[in-house]
Structures are given as C-alpha cells and as structure tokens.
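S.K.: Mind folding the following:
(one chain, ligands or ions: 1)
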Amino acid sequence: MSKDEQIKEVMRRRTFAIIAHPDAGKTTLTEKLLLFGGAILLAGAVKARGDARRARSDWMKVERERGISVSASVMSFEFDSKAFNLLDTPGHEDFSEDTYRTLTAVDSAVMVIDGAKGIETQTRKLFEVCRMRDIPIITFINKMDREARDPFDLMDEIEKTLALDVTPASWPIGSGRDFLGCYDVIRDRLFLMNRKGFAAKVDEGIKCSGLDDPQLAEHLPEEALAKLREDVQMVRALCKPFDKDAYREGHMTPVFFGSAVNNFGVRELLQGLADFAPSPRPQPAAERIVKPEEEKVTGFVFKVQANMDPNHRDRIAFVRLCSGHFKRGMKLKHIRSEKTMAVNNAVLFLARERELAEDAYAGDIMGIPNHGTLRIGDTLSETEILRYVGVPSFAPEVLQRVHLDDPMKIKHLRKALEHFAEEGASQVFKPLSGSDWIVGVVGPLQFEVLSARIEAEYGLPAKFEGAGVEYARWVEGDAVKMKAFTEKYRMSLAEDHDGALVFLARNAWHLDRTREENPDLVFSKTREMNKAAA
Ligand code: G4P
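M.R.: From the prediction side, this is the model:
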C-alpha cells in the first residue's frame, strides 16, 4: 500500500465515544448511529444481547470461547465515506476507571444531554476527562420530543458550567408535543419531525437560502416560524459562529438538538461528526510525538477486559493504534517486557460485516487475547522503543479496607487484588504501617462487583469495610524531601500497585493541611500507568 493510500485511510477515520449521564439516551443514540452506518442487524442489540447476534460471524467465536463480551466495546461503521469507531464508555453500574480511560483512546466525543435535565453529575465528570486531553466535543441535546428546558437556558448552562463556548449547529422549533423539527443553523436547512418512524427522516432536509426564505412558510405555522426567526437571530448574536479550529482545540462545542428515540437529528449529528470531527491525532510518547501517518505500527493498551468465566484467566487487551498500517500476523515489540509478540489472533472491529479484518490503521482499535502480559498503559511498537504517555490512573473516589476472616489466605488475597489492579478494575494500596490493604474504586457499586469476583475467581470471602480515608493522592518531589515526608507522615502513606507513594487523607481538611505543610511536593489526582516501567 502506498503512503498516500495509508494517509487516506487515516484521514477518513473518526474514533469517538459518547459521554452521558445514565438515562440521557446514550444507548438509543448508539443504536441509531449504527443504523445509519448500515450495521442494521446489530442495531437494537446493543442492550439486548441476543444469540442471533452472537452467532453472526467468526470473530464472535472469540467472545463465545472466552466468554468475553468485546462486541459492544467497539462498534465500527461507515457513513459518508468515513470509517467510524465508536468506543463504548460503560456508564451505569459499572462506571469505573475504564470509562475514563476509554476517553484516552478517542479523538473526539459526543456529549448527550437530556433536554429536560441539562448537565448532570456524570456528564460533568466525563467532560472533565475530555478537557484534560482537549478532546473536541459535539453536544447532542436529546429528548426534544418531551417537554424540555428552554434551549437558551441549556446553552447557557453548558457554557457556564463547563466553561466552553457554545454555538448552535441546529435550533429546535418548539418542544414536547409542539416539537416540529430543527433548523440547521450552519447549513441552512429545515428538518421536520415525523413521529411515524424512521424512513421519513432519512432525508437531506429542506434546503433554504436562509431564514427569510419564503418556502419556510410552506412548512411551518406562522407563529412557530416567527419564533424560530427571532430565536436564531438572538442566538447568533449571543454565540460566536461555529469555528472548526476552536472546536478541534476543545474550546467550542457545536450543539445539535434532537430526539434519539425518534431518530430525529441523529443523521445531522453524524454528518457533523463526518464533517468536523478530527481524524486520528498525533499521540504523545515519552520520547516524542508520534504522527498517525508514520510508516511503523505503534499503539497502546487503554483497557483490559477479563474473562467472565472464572476458569479462564485470559484477558483481552484493547489497543489503540497510533501509527502505521497493521497487518494480521505482524510482530510487535511489547516495550515493557522487551519481548516480541506475533499478533495473529487480534480481533479487529473494522469490517462492516464484522468479519475478522486483516488491516488496521491509526485510530482503529484491536483486541488482543493474552494471559496477562498486556497491561493498561503498555506500548506496542513495530521497531522503535517508545512509551506512550497519557493513559492515567485516576485517584479513586471511594476507598475501603479489605478484610479477610482467614489470615492464612492473605497471599491469595494479594494476588487477587493485584490481578484486579492490573486489569484496571480497582486500585490497591498497601499502607506503610498496618496490614490490611486499602482498595480504591471510582464508583461505590464496584465494591460489590469486586467482592463477588474475589469470591468467584479466588474462592475468598473478602469483606470491604470503611477505611476512614476519603482521598488518595500520589505524591512526588525531590528525593530528600520525599524521605522526610515519608518518615513524618508514615501513618497516612501507602504504596500503590506499582510501588508509587500515595497519601491517604482522612478528609479534605487533612489533605489541604498536608499540602500546605509540604509546599514543595506535588499531590496528584492522576498518575501515568506506565511510569514505573519508563
Ligand atoms: P442511556 O443509555 O443513556 O442510559 O439511555 P437509554 O438510551 O437507555 O435511554 C433511557 C430512556 O430514555 C429509555 O427509556 C429511552 O427509550 C428513552 N429515550 C431515549 N431517547 C429518547 C428521546 O429522544 N425521547 C424520549 N422521549 N425518550 C428517549 P426507558 O423507558 O428507560 O426504556 P425503554 O423501555 O424505552 O427502552
């Protein structure tokens, strides 16, 4: 394949995730996007995992044999000659670090907001992660077919709470029972809502010369048209016009309105992604920035998924390709272990029919089955010694002490906890003084999942209980200062899975005070996963 062809493949890729608070409509929107992408058979099966879908093709065998559900983790489809990779961000009970880290593997995101609710807690948390990486965001305000909040209000809330410039890409005409459709503010088109279903919406809209176009009156009642004209005039005066560069730098979000369940506004959103969203971007490695069009293959592991069958300890590592043209069977260096691995059995998510694909490019995701060699944050590289950075561990938000009734089993417990830490399912801290480990997770429900897995996979009845600790922060600084700090604060210190020093604060006051007492040390909420190896 020529260089030009490789560049063409990279340029047409759009690797993105949908971020949303539970119930905003992420699943529904995903299904509709897949429909447009021609993956019709898969649509509708995002939530309900039927046997029919399982049996569809060869690579699904990997799932069946290994009991790992990889299919919903990456969904690939084509639209308007672009190749989309949609990465699922588990957002409900299993909201975890994985959710956050998936965002390190995308080039852009769609933020779905419930029009009646506005920005909710998880939307904001996920948005903050996008901001850390300047990930461009397109906003989709959903459920406009129901009574929604005033669109000006919603725009204002996004702008203020997220400190982001907003600009309308479309503007709603009414809401709830009176929702008639949207006006495409960027391309001057009218899209009318037809509540009867799918077919009527697959259209290009009504092309207008602008809001004064007389044909608008043929489609909209007088009052609605007057309000639309007034609204759009006002919103254009209030918001900066859409600026692709500002969007791509993560400073501006274009806002689409629609109703996912009615498949209204989804096509325009997808067109927006095709037109504006960035193709795979250069990725930072410790040594240098790697460009997607480079010849040699490189990539990093952003997620590891364990087998759901406890008798099989193998896992699937999800690798985001950052450069080169990957071909099945290629040999790649695993930088951390300095070993070379032949990647024969990688699951690629590329082909429309979801067959095993042979090639992949920057922006694509592949799943590599392995027995624990590949860890989150690891780099794979065809030739050069490189270490990708920017796949962080996030400070857990809930910390608990893990207790075992049988002290003889403590070694087993350690193994279990290390295993889960490698998988990225939780973090484990070994206090410098005291014997019980402290486990940290992002969402409290994860303790239930962990308990169940420790029991099922290791046969250990472990109990989690309060640890009297609210915050964990990685501490770094000059060696002499760190030594003094370690001695003085020993009772509140622990080591993480990689042996890095962590300060465990009883509460916000304890954390703030310790910070003030140690102005030369850095207390961080995130830590690079592969730092110890670097
Ligand atoms: P999530 O993945 O973000 O959690 O949301 P999901 O798509 O599951 O949607 C949550 C609920 O909101 C679902 O209703 C879904 O049908 C509904 N919904 C999604 N988009 C729209 C929309 O544009 N308008 C309206 N009115 N509702 C929408 P449910 O009753 O919880 O489930 P279901 O039985 O309808 O599937």
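S.K.: Enumerate every residue touching the residue nearest to residue 388 when sequence neighbours are not counted.
M.R.: Closest residue in space to residue 388, ignoring its immediate chain neighbours: residue 300 at 3.9 Å, by C-beta to C-beta, 6 or more residues apart in numbering. In this view, the C-beta of every residue, glycine as well, is placed from N, C-alpha and C. Going by C-beta atoms under 8 Å, 6 or more residues apart in numbering, residue 300 touches 105, 283, 319, 320, 322, 377, 378, 379, 380, 388, 391.
S.K.: Keep only those of these that are in helices.
M.R.: Using DSSP state H to define helices, no part of the contacts of residue 300 is located there.
S.K.: what comes up buried for the longest helix along the chain?
M.R.: Using DSSP H, we find that the single longest helix of the chain is helix 222-238. Across helix 222-238, burial judged by 16 or more other C-beta atoms under 10 Å covers 224, 225, 228, 229, 231, 232, 235.
S.K.: by contact count, what packs against the helix or strand following that helix?
M.R.: Per DSSP states H and E, the first helix or strand lying C-terminal to helix 222-238 is helix 244-248. On a contact count with 3 or more C-beta pairs under 8 Å, 6 or more residues apart in numbering; DSSP states H and E, helix 244-248 meets strand 252-257, helix 266-276.
S.K.: With distance to residue 88 and mean pLDDT added, can I get those in TSV?
M.R.: Below are the helices and strands packed on helix 244-248 laid out as TSV (distance: least, C-beta to C-beta, whole Å; pLDDT from 0 to 100):
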stretch	distance to residue 88	mean pLDDT
strand 252-257	21	97
helix 266-276	16	95
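S.K.: Let me know which of the ones you listed is the nearest to residue 346.
M.R.: The closest of the helices and strands packed on helix 244-248 to residue 346 is helix 266-276. By C-beta to C-beta, the value is 25.9 Å.
S.K.: what residues does the closest one touch?
M.R.: With C-beta under 8 Å, 6+ apart as the test, helix 266-276 has contacts from 14, 16, 29, 32-33, 36, 79-80, 82, 84, 108, 110, 136, 138, 140, 169-170, 182, 184, 191, 201-202, 205, 244, 247-248, 254, 256, 258, 260.
S.K.: That one vs strand 252-257, what angle?
M.R.: Angle, helix 266-276 to strand 252-257, by axes from the mean of the first three to the mean of the last three C-alpha atoms, to 10 degrees: 160 degrees.
S.K.: Next one: residue 399 from residue 441, what distance?
M.R.: Per C-beta to C-beta, to the nearest Å, residue 399 is found 8 Å from residue 441.
S.K.: What parts of the chain come near the ligand?
M.R.: 20, 22-28, 142-143, 145-146, 259-262 (C-beta under 6 Å from any ligand atom).
S.K.: Which of these are buried, as a ChimeraX select command?
M.R.: The ChimeraX command for the buried members of these (criterion: 16+ other C-beta under 10 Å) is given here:
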select :20,24,25,26,27,28,142,143,145,259,260,261,262
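S.K.: which of the residues of the chain next to the ligand sit farthest apart?
M.R.: The distance between the two most remote of the residues of the chain next to the ligand (C-beta to C-beta) is 20.3 Å, for 22 and 262.
S.K.: what's the helix or strand for residue 99?
M.R.: In this assignment (DSSP H and E), residue 99 forms part of helix 97-102.
S.K.: what sits up against that helix?
M.R.: If you take C-beta under 8 Å, 6+ apart as the criterion, helix 97-102 is touched by 17, 87-91, 126, 129, 302-303, 376, 391-394, 424-425, 427, 441-442.
S.K.: what's the model's confidence in the helix or strand following it, averaged?
M.R.: Once helix 97-102 ends, the next helix or strand along the chain (criterion: DSSP H and E) is strand 108-114. For strand 108-114, mean pLDDT rounds to 97.
S.K.: How about the contacts made by residue 208?
M.R.: Neighbouring residues of residue 208 by C-beta under 8 Å, 6+ apart: 188, 189, 190, 215, 216.
S.K.: repeat for residue 37
M.R.: By C-beta under 8 Å, 6+ apart, residue 37 lies in contact with 77, 78, 79, 84.
S.K.: Around residue 171, how many other residues sit close by?
M.R.: Residue 171 has 21 neighbouring residues, counting by other C-beta atoms under 10 Å.
S.K.: same deal with the one 10 residues further on?
M.R.: Per other C-beta under 10 Å, the neighbour tally for residue 181 reads 26.
S.K.: Skipping its backbone neighbours, what lies nearest it in space?
M.R.: Residue 181 sits nearest to residue 192 (C-beta to C-beta, 6+ apart), 4.0 Å away.
S.K.: what residues are up against that neighbour?
M.R.: Neighbouring residues of residue 192 by C-beta under 8 Å, 6+ apart: 180, 181, 206, 219.
S.K.: same check, this time on residue 322
M.R.: Listed by C-beta under 8 Å, 6+ apart, the contact partners of residue 322 are 280, 283, 290, 292, 298, 299, 300, 362, 388.
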